[in-house]
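Engineer: A structural model of the following input is requested.
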Amino acid sequence: MSSETTMHPPKRPSKRGLRLFGLVASAVLIAIVVIGLITRATQASSLKTWTDEQAIPTVNVVAPEPGKAGPVLDLPGRLEAFTRAPIYAQVSGYLKDWKTDIGAHVKTGELLGEIDTPELDQQLAQARADLVSAKANANLAEITAKRWQAMTGTDSVAQQDIDERTSDYTAKVALVSAAQANVDRLIATKAFARLVAPFDGVVTARDTDVGALINAGGGTGPEMFVVSDIHQLRVYVQVPQSDGPSIRPGSSAVLVVPEYPTREFHAKVVATSDAVNANSGTTLVQLLVDNADGALMPGAFAHVRFNLPVDAAALRVPASALIFDNAGLRVATIGAGDKVAFKKVSILYDFGKSVEIGSGLQAGDRVIDSPPDGIKDGEAVKIASDDATAKPHEKA
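Structural biologist: Residues are numbered from 1 along each chain as shown. Reported below is the predicted structural model:
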């Protein structure tokens, strides 16, 4: 073994082989470095592009749409009886008795109460006595006039005396007519001692009692009774001037009263005042509501809800699209080149989540919903798509 090792020593690599190996290794190292530099530059460029893209705001766009239903106008109203008649005393005296109390249903002509009129009774008795006296005087004057007229053409009486007796009879007849008229007047006045219902209805007030002193006030004294017809009720509502043209006779409304919070009553507009109250800026509207079951009460408060007609020219957008700042009320739209264009708008109605725009928008506008803070007019934006989401690139 030692002899063979001595006879065949190991071969050393040649210089040419070493040089070739070094060149190959250098080329590989250079290629690795170049690939690394290219990869890093590509990633840096991609990151810069992604960063620049992220610097452009991404916005959601909505299209203005016409409303499918008109706005709802909710206003306070008051209920009044269809017909209300306060009953006043037309004769003086003392209340003899009353026949009906509050809540009583009465018919036309039904007795409500009666007044004892001792003074009027004496006046009537005196007037009747005066009538009897006047008739007696007239009868005597008639007999006298006929006797004098029978002597006409004789030389026993003068024509002047005959004419005087005839005129006296005529005057006495006139006194009889006056006395009869006075009796009739007092009888008619005595009839007012009976207080009767002027129409079918309900007694809604009684402000008197037995023995109370009654003074004929001609409508200026206290109301003794009030009779109300409540088979229908009138509803009075003060409507803002801006909504007045939308509510005309024939329009419908829904009433809700506190005592029946889950029940709706349907009413119809029958008249408007066609005038604006200068103090409140409202116009008076009158409605009628059926009350056959008597559920509604005159004098009550009610919420009156009007469904206004749809304005074909008005457009609705989300309330989140509105911008209110020093420049006023605006919305941000996307114009040419996907750049922001602000438009001033006015609101017709606020529906909470959406608003109805009266002016400033067109149906084809692209409105930015929830515009980012600091967005500027003319700034470029990107429109968000439903199926694509921007994601940052991961670093190598």
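Engineer: Please enumerate the helices of the stretch 51-200 of the chain.
Structural biologist: Per DSSP state H, counting those that start in this stretch, the stretch 51-200 of the chain has helices spanning 118-150, 159-191. These are given in chain order.
Engineer: Low-confidence ranges, the stretch 251-396 of the chain, go.
Structural biologist: In the predicted model of the stretch 251-396 of the chain, residues 312, 386-396 satisfy pLDDT under 70.
Engineer: okay, which residue is most central for the chain?
Structural biologist: To find the centre residue of the chain, average its C-alpha atoms and take the closest one (CA atoms, centre = their mean): that gives Leu75, at 3.2 Å.
Engineer: Look up how far Leu112 lies from that one.
Structural biologist: Distance of Leu75 to Leu112, computed by CB to CB, to the nearest Å: 37 Å. C-beta here means a position set from N, CA and C on the backbone, and glycine is covered the same way.
Engineer: Quick one: residues contacting the residue nearest to the centre of the chain.
Structural biologist: When the contact criterion is CB atoms under 8 Å, 6 or more residues apart in numbering, the partners of Leu75 are 237-239, 303-306.
Engineer: farthest pair in these?
Structural biologist: For these, with distances taken as CB to CB, the pair at the greatest spread is Gln238 and Arg305 (14.7 Å).
Engineer: Who are the contact partners of Trp98?
Structural biologist: Going by CB under 8 Å, 6+ apart, Trp98 touches 112-114, 206, 208-210, 225.
Engineer: Got a PyMOL select line for the buried ones in those residues?
Structural biologist: Only the buried members of the contacts of Trp98 enter the following PyMOL selection, criterion being 16 or more other CB atoms under 10 Å:
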select buried, resi 112+113+114+206+208+225
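Engineer: Sort out for me which of the contacts of Trp98 are in strands.
Structural biologist: Cross-referencing those against strands under DSSP state E gives 112-114, 206, 225.
Engineer: give me the low-pLDDT residue ranges for the stretch 101-250 of the chain?
Structural biologist: Confidence mapping of the stretch 101-250 of the chain against pLDDT under 70 gives the ranges 153, 155-157, 217-221.
Engineer: Which residue comes closest to Asp121 once chain neighbours are left out?
Structural biologist: Using CB to CB, 6 or more residues apart in numbering and skipping the chain neighbours, the partner closest in space to Asp121 is Lys190 (7.5 Å).
Engineer: could I get the helices of the stretch 51-200 of the chain as TSV with distance to Ser26?
Structural biologist: Shown next, in TSV, are the helices of the stretch 51-200 of the chain (distance: least, CB to CB, whole Å):
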stretch	distance to Ser26
helix 118-150	142
helix 159-191	138
